[in-house]
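Novice: Okay, predicted coordinates and the sequence, questions at the end:
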Amino acid sequence: MDALVTEVERPATNIPLTQQSRREQAIALHRNGHIEPAVEFYKDHLKQHPRDSTVWSNLGACLRSQKHFQSALACYQRALEAAPDN
């Protein structure tokens with residue numbers, strides 16, 4: 001298994017990731033084409049930070065790449081609500 005995915009699986013140990021590091025892990029996974037785990041990390045981050053427009057947008061991009069167009073659109077709308085000037 002790819003080293004990046006192995007690193008992501010590490011949180012199953014006793015050391016939890018902080019929300020910021022979960023966000024960073026999600027972005028790294030997304031950039032490297034690991035969409036499924038990125039989606040889960042983005043969703044987890046948004047539970048604690050529902051106004052993070054960047055993560056909403058990134059989640060929308062992941063969902064769009066999976067052809068979940070309605071869900072992607074909903075994420076983009078949430079991103080705009082969180083940061084209307086963006």
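Specialist: Thanks, I have it. Numbers count the residues shown, from 1 in each chain.

Novice: CA atoms for contacts and neighbours, from now on please.
Specialist: OK.

Novice: Helices along this protein, start to end?
Specialist: 3-9, 19-31, 35-48, 53-65, 69-82 (DSSP state H).

Novice: Report the angle between the second one and helix 35-48.
Specialist: Inter-element angle recorded for helix 19-31 and helix 35-48: 150 degrees (by axes from the mean of the first three to the mean of the last three C-alpha atoms, to 10 degrees).

Novice: So for helix 19-31, mean pLDDT?
Specialist: What helix 19-31 shows for mean pLDDT is 88.

Novice: Ok, the shortest one next?
Specialist: For helix 3-9, mean pLDDT is 45.

Novice: ditto for the fourth one
Specialist: When the per-residue pLDDT values of helix 53-65 are averaged, the result is 97.

Novice: So for it, what gets flagged as buried?
Specialist: Ser53, Thr54, Val55, Trp56, Ser57, Asn58, Leu59, Gly60, Ala61, Cys62, Leu63, Arg64 (16 or more other C-alpha atoms under 10 Å).

Novice: Asn32 versus the residue nearest to the first one when sequence neighbours are not counted, what's the distance?
Specialist: When the adjacent residues along the chain are set aside, Ser53 lies closest to Ala79, with 4.2 Å between them (C-alpha to C-alpha, 6 or more residues apart in numbering). Relative to Asn32, Ala79 is positioned 22 Å away (C-alpha to C-alpha, to the nearest Å).

Novice: Between those two, which is the more surrounded one?
Specialist: A count of neighbours by other C-alpha atoms under 10 Å puts Ala79 above the other of Ala79 and Asn32, at 23 against 12.

Novice: What confidence value was assigned to that one?
Specialist: So Ala79 comes in at 97 (pLDDT).

Novice: Hmm, Thr54 and it touching each other?
Specialist: Yes: taking contacts as C-alpha atoms under 8 Å, Ala79 lies within contact range of Thr54: 6.8 Å.

Novice: Deepest-packed of the helices of the chain, please.
Specialist: Of all the helices of the chain, helix 53-65 has the most neighbours on average by mean count of other C-alpha atoms under 10 Å, namely a mean of 21.
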